[in-house]
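>>> have a look; sequence and predicted model below, questions after that.
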Amino acid sequence: MVNLIWALLAVIGIVYAGINGTMEEVNKAIFSTLDEAIMITISLAGVLVFWLGLMKIAEEAGLLAGLSRLFRPVVKKIFPDIPDGHPAMGYILSNMTANVFGLGNAATPMGLKAMKELKNLSGSDKASRSMITLLAINTSSLTIVPTTVIAIRLKYESTDPTAIVGATIVATMISTCAALLIDRYFYYRRKRALRL
Amino acid sequence: MISIWLIPAIILTVLVTATIKKIPAYEVFVDGSKEGLTIALSLLPFLLGMMVSIAIFQASGAMGAITKGLEPFLSVIGVPAEILPLALVRPISGTAALSMTTELIRTFGPDSFIGTLASVMQGSTDTTLYIITVYFGAVGIKRMGDALKVGLLADIVGIIASIIIVIILFG
């Protein structure tokens, strides 16, 4: 499906630009995006190098194992396929914790490291059940305090910049629960299809 | 305010624990951080490919045309047409969504219904396509299974949820 979406976005864009007379914008966009992708990768490399180094210390010091033990009953229900004591669990929990506190630049490195551990577990280039669940959690966002939005509201002189926090928490909870339920539903559907 | 203390506090906790447990902290740090470089490098092709495709779609004006075409359907069920482009762009492009949210807040005011709805929508979901690209790109997953479907369906639920909640609380 991703192959089709990827190709379609570009094909529709180019055809539409031809009709719409925006080919020049498209040309500019292509090359400025190349630079942008490199910039994003470089700044991601920075946070990755830093956080993965720090988390390696946390792992060796037993902090990640402690975190896993603390939340095991909950996370075990969300990720039933991960064996007890596997390092993936600690990284998944760090990723979720960082997300909850709105530490976006720490959440990504931990999430990527968790993915890597999950890949070691499955050993295939196909997304495993746990990988899809981890993605579902991250795409639905877990943020409790949306700092970026509050900053924008502050800038445009909101009378109450944090008024949206309650509504955001409820919306986030609903979308995360929905993500987990939809993920479960597709899992059972895959399993059924396999049996038939 | 808490966020200023949070990261230094994490660093402090990790380093103090490591020192007490006599772990060679610096050596372990250098050892673990090497992996960061390989992960960053391996996700570049995924990220760049996806970003170029989205950029073409956006710059051509096709994205704007599609949202324009869908507006009448949403205004029927009482959702302001102004919010629709944001709802459609949110899962695809994080930077575009952020600039749209800023624009909506600037135009209609942060405390208006539209400004509030844009704030909640921006805060309660994330850029699904970017996250899938980066997370799967980092470990070289090419067959994504149901991940994209799950992510996009959850986005739809999240967007509908934020509309309903804002109507209830601020409408």
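That came in fine, so what should we check first?
>>> tell me the mean pLDDT over stretch A:119-132?
For stretch A:119-132, the mean per-residue pLDDT is 92.
>>> lowest-pLDDT helix or strand in chain B?
helix B:62-76 (a mean of 80; mean pLDDT, DSSP states H and E).
>>> what comes up buried for that helix?
For helix B:62-76, a neighbour-count test (16 or more other CB atoms under 10 Å in any protein chain shown) marks B:62-63, B:67, B:71, B:74 as buried. Quick note: C-beta positions are derived from backbone N, CA and C, even for glycine.
>>> all helices for chain B, in order.
B:2-20, B:25-59, B:62-76, B:84-89, B:94-108, B:113-124, B:128-138, B:147-170 (DSSP state H).
>>> looking at those, which is buried most?
Among the helices of chain B, the stretch with the highest mean neighbour count (mean count of other CB atoms under 10 Å in any protein chain shown) is helix B:113-124, at a mean of 26.
>>> of all the helices of chain B, which one is nearest residue A:127?
helix B:147-170 (5.4 Å; CB to CB).
>>> for chain B, what is the nearest residue in chain A?
Residue nearest to chain B within chain A: residue A:56 (2.3 Å; CB to the nearest CB).
>>> wait, that residue sits on residue B:30?
No - using CB atoms under 8 Å, residue A:56 is not in contact with residue B:30, being 9.0 Å away.
>>> dump the residue contacts of the residue in chain B that chain A sits nearest to.
Taking CB to the nearest CB as the measure, chain B has residue B:32 as its residue closest to chain A, at 2.3 Å. By CB atoms under 8 Å, 6 or more residues apart in numbering or on different chains, the residues touching residue B:32 are A:52-57, A:59.
>>> wait, what's in contact with residue A:132?
A:183, A:186-187, B:145-147, B:150.
>>> which parts of the helix or strand where residue A:120 lies are buried?
For residue A:120, the host element (DSSP states H and E) is helix A:104-122. For helix A:104-122, the neighbour count (16+ other CB under 10 Å) marks A:106-119, A:121-122 as buried.
>>> could you point out which element follows that helix?
helix A:129-139.
>>> what's downstream of that following helix, the next helix or strand?
That would be, after helix A:129-139 and using DSSP H and E, helix A:147-155.
>>> please see if that next one touches chain B.
Yes - on the criterion CB under 8 Å from any CB of the partner chain, helix A:147-155 is in touch with chain B at A:147-149, A:152-153.
>>> who are the contact partners of the residue nearest the centre of chain A?
In chain A, the residue lying closest to the centroid (CA atoms, centre = their mean) is residue A:138, at 3.3 Å. Neighbour list for residue A:138: A:95, A:99, A:107, A:111, B:126, B:131, B:135 [criterion: CB under 8 Å, 6+ apart].
>>> can you pull the contacts of the first one?
Translated: residue A:95. Here residue A:95 is in contact with A:107, A:110-111, A:114, A:134, A:138 (CB under 8 Å, 6+ apart).
>>> pull the most distant pair out of those.
For the contacts of residue A:95, with distances taken as CB to CB, the pair at the greatest spread is A:107 and A:134 (11.4 Å).
>>> let's see the pLDDT reported for the spatially closest residue to residue B:171 that is not a sequence neighbour.
Closest residue to residue B:171 apart from its sequence neighbours, by CB to CB, 6 or more residues apart in numbering or on different chains: residue B:113 at 6.8 Å. Among the per-residue scores, residue B:113 shows a pLDDT of 92.
>>> what does residue B:77 give?
On the pLDDT scale, residue B:77 gets 69.
>>> residue ranges of the helices in chain A, please?
A:2-20, A:23-60, A:63-78, A:87-100, A:104-122, A:129-139, A:147-155, A:165-195.
>>> just those: most buried one?
helix A:129-139 (a mean of 26).
>>> from the chain's centre, how far out does it sit?
8 Å (CA atoms, centre = their mean, to the nearest Å).
>>> CA-only coordinates of it in CSV, if you can.
Output in CSV follows, covering the C-alpha atoms of helix A:129-139 (Å, rounded to 0.1, in the frame of the first residue of the first chain):
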residue,chain,number,x,y,z
ARG,A,129,2.7,-7.4,15.7
SER,A,130,4.6,-5.5,18.4
MET,A,131,6.1,-3.1,15.9
ILE,A,132,2.6,-2.2,14.6
THR,A,133,1.4,-1.6,18.1
LEU,A,134,4.3,0.6,19.0
LEU,A,135,3.7,2.6,15.9
ALA,A,136,0.0,2.9,16.6
ILE,A,137,0.8,4.3,20.0
ASN,A,138,3.3,6.9,18.6
THR,A,139,1.1,8.0,15.7
